[in-house]
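> build me a structure from this.
(one chain, ligands or ions: 1)
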Amino acid sequence: MFEVYGESVASRFLLGTAQYPSPQILSDAVKVSGAEILTVSLRRETAGSGGGGRFWDLIRELNVKVLPNTAGCHSVKEAVTTAKMARDLFGTDWIKLEVIGHHDSLQPDVFGLVEAARILSDDGFKVFPYTTDDIVVGERLLDAGCQVLMPWCAPIGSAKGPVNPDALRAYRSHFKGIPLVVDAGLGRPSHAAAVLELGFDAVLLNTAVAKAGDPVAMAKAFAVAIEAGRLAYEAQPLEPRDMAVPSTPVLGMAVFE
Ligand SMILES: CC(=O)[C@@H](O)[C@H](O)COP(=O)(O)O
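Numbers count the residues shown, from 1 in each chain. Down below sits the predicted model:
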């Protein structure tokens, strides 16, 4: 259970809804994942289009909280306009804010992101910013009104997993008490377990499940790994050390010469 914008969320697994082989597989994957929050792209689910309407019915039937996103937006203006349309279409003030700054890596434009986050927060939105692992940018996002931060661990869709675990560790340690969700770049359940073990509150992922050979089985595997990672974090794992430490005590044992 973690809290975000005053709401308690039981599942630490936030799931994206794009690229599944079929609506049925998406639906089954969501059910086994236990996810309570799904992110959906406004650009895909345009109001009034037949496909969008069916997709929206499916999401409604799943009885989950919708986190619309501004995927594909490359400017502040585009992101703000898309967020406002999403608020009308999905009837929520939650928005996953993406302002993409680089075509190849899909790296966020962190300057545009902070600007858009401020505009949207001032307008009453609850902003979930997709950002890098830069601590200063994170501070600026909090100043702009965000109450959650969503750093990437690798580029969207890359499936590389945490490419800079030290940066994520420092990020978690700096933002004590702030809900942190690792968003984008996770490829395997072990990656999700690793960031949960670091103390991140949740993960948001899409490609690793949707494009797996068996998306439903992979959704289940991530769900189990996320739970394991959180349990490990709460159990306070040992810190790695340079020197060997005998795990079998020798004190009081007979000495044979
Ligand atoms: C669905 C969504 O919001 C993605 O933009 C998100 O960042 C997930 O990234 P992956 O597809 O790498 O999991």
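
> could you report the distance from residue 10 to the ligand?
Separation of residue 10 from the ligand (C-beta to the nearest ligand atom, to the nearest Å) stands at 21 Å. (Glycine included, C-beta is placed from N, CA and C.)

> just to check, that residue is in contact with residue 1?
Yes. Using C-beta atoms under 8 Å as the test, residue 10 is close enough to residue 1 to be in contact (5.3 Å).

> got a list of what the residue in the stretch 1-150 of the chain that the ligand sits nearest to touches?
Nearest residue of the stretch 1-150 of the chain to the ligand: residue 16, at 2.8 Å (C-beta to the nearest ligand atom). By C-beta atoms under 8 Å, 6 or more residues apart in numbering, the residues touching residue 16 are 38, 39, 204, 205, 206, 207, 209, 210.

> beta-bridge partners for it, please?
On the basis of DSSP bridges, residue 16 is bridged to residue 39.

> tell me the confidence at it?
If you check residue 16, the pLDDT there is 97.

> could we number from 14 for the rest of this?
Got it, first residue is 14 now, which makes that one residue 29.

> just confirm yes or no for the worst-scoring helix or strand of the chain on mean pLDDT near the ligand.
Lowest on mean pLDDT, DSSP states H and E among the helices and strands of the chain sits helix 63-75, with a mean of 80. No. Contact between helix 63-75 and the ligand is absent, the nearest approach being 13.4 Å (criterion: C-beta under 6 Å from any ligand atom).

> name the surrounding residues that touch the helix or strand following that helix.
Where DSSP states H and E defines the elements, the next helix or strand beyond helix 63-75 is strand 78-82. Strand 78-82 is contacted from outside by 20, 22, 27, 49-55, 72, 96, 99-100, 102-103, 105, 107-111, 141, 143, using C-beta under 8 Å, 6+ apart.

> run the last query once more with 6 Å
Residues from elsewhere that reach strand 78-82 (C-beta atoms under 6 Å, 6 or more residues apart in numbering): 49-50, 52-55, 99, 103, 105, 107-109, 111.

> ok, stretch 113-125 next?
So stretch 113-125 is contacted by 87, 89, 112, 143, 144, 150, 168, 169 (C-beta under 6 Å, 6+ apart).

> 10 Å instead?
Applying C-beta atoms under 10 Å, 6 or more residues apart in numbering, the contact partners of stretch 113-125 are 83-92, 110-112, 126-129, 142-145, 147, 149-151, 153-154, 163-165, 167-171, 197-198.

> and the furthest pair within the contacts of residue 29?
Farthest-apart pair in these is 51 and 220; separation 14.6 Å (C-beta to C-beta).
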